[in-house]
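In: Compute the structure for the input listed below.
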Amino acid sequence: MDKSLNDYVEIYKAELDKGDIQIAYEQLLKYVMALKVHFQKVQPDSYTFGNVYLGFMDYTYFYFFNDFLRSKKLRFGIVLNHPKMQFELWLLGQNAEVQSIYWELLKITKWNAGRTAKPKYAVLEAVLIENPDFNDLDALSDKIGTAAQSIIQEIMPYLQD
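Out: As a prediction, the model looks like this:
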């Protein structure tokens, strides 16, 4: 038998009463905000950065783009995938039409291998760090930045006219 909303709320309240979830969630959000600042310092003239979006305990992300990506109505996002607890790079389209165009272009690439349908929110999702070590945030930021830059350099030629 399925649980009712009251059942889920009781479980949720019990977990909140422990206090660990709030601390972990707050620290993860602070880290993603600091990660955005790190990216801005490392790439100060290369990209324009958007705000950090908190999501619904599923994804926390910030996006960034340059003039070329803007002209294509695209942006990249650095995403903390909460259920998988990993960092990902997403290529995002401005609207459904743009997403469809770039899904058709990129669905046969290695980043979409094995997918039969477009990801829910993005045109492309690539894992940056599968098992992040949150005990050394500076090293983690460097690893995310290096991985993101490498994948971006691989993706960009596919986006050229």
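In: For residue 64, give its distance to residue 70.
Out: According to Cβ to Cβ, to the nearest Å, residue 64 stands 11 Å off from residue 70. C-betas here are computed from N, CA, C, even on glycine.
In: nearest spatial neighbour of residue 43, skipping sequence neighbours?
Out: Excluding the flanking residues, the one nearest residue 43 by Cβ to Cβ, 6 or more residues apart in numbering is residue 64, at 7.8 Å.
In: Looking at residue 64 and residue 70, which is more packed in?
Out: Each of residue 64 and residue 70 has its neighbours counted (other Cβ atoms under 10 Å); residue 64 has more, 20 against 12.
In: residue ranges for the helices of this structure, please.
Out: 5-18, 20-42, 67-71, 96-106, 137-159 (DSSP state H).
In: Can you check what angle separates the last one from helix 20-42?
Out: So the one you mean is helix 137-159. Helix 137-159 and helix 20-42 meet at an angle of 60 degrees, taking axes from the mean of the first three to the mean of the last three Cα atoms, to 10 degrees as the criterion.
In: Tell me which residues are up against helix 137-159.
Out: For helix 137-159, the external contacting residues (Cβ atoms under 8 Å, 6 or more residues apart in numbering) are 31, 34-35, 38-39, 42, 68-69, 72, 74, 76, 78, 87, 89, 91, 102, 105-106, 109, 111, 124, 126, 128-129, 132-134.
In: Now that helix: buried residues?
Out: Buried positions in helix 137-159, judged by neighbour count with 16 or more other Cβ atoms under 10 Å: 137, 140, 141, 143, 144, 145, 147, 148, 151, 152, 155.
In: Which residues are in contact with the residue nearest the centre of the chain?
Out: In the chain, the residue lying closest to the centroid (Cα atoms, centre = their mean) is residue 79, at 1.5 Å. For residue 79, the contact set (Cβ under 8 Å, 6+ apart) comprises 59, 60, 61, 87, 88, 89, 90, 125.
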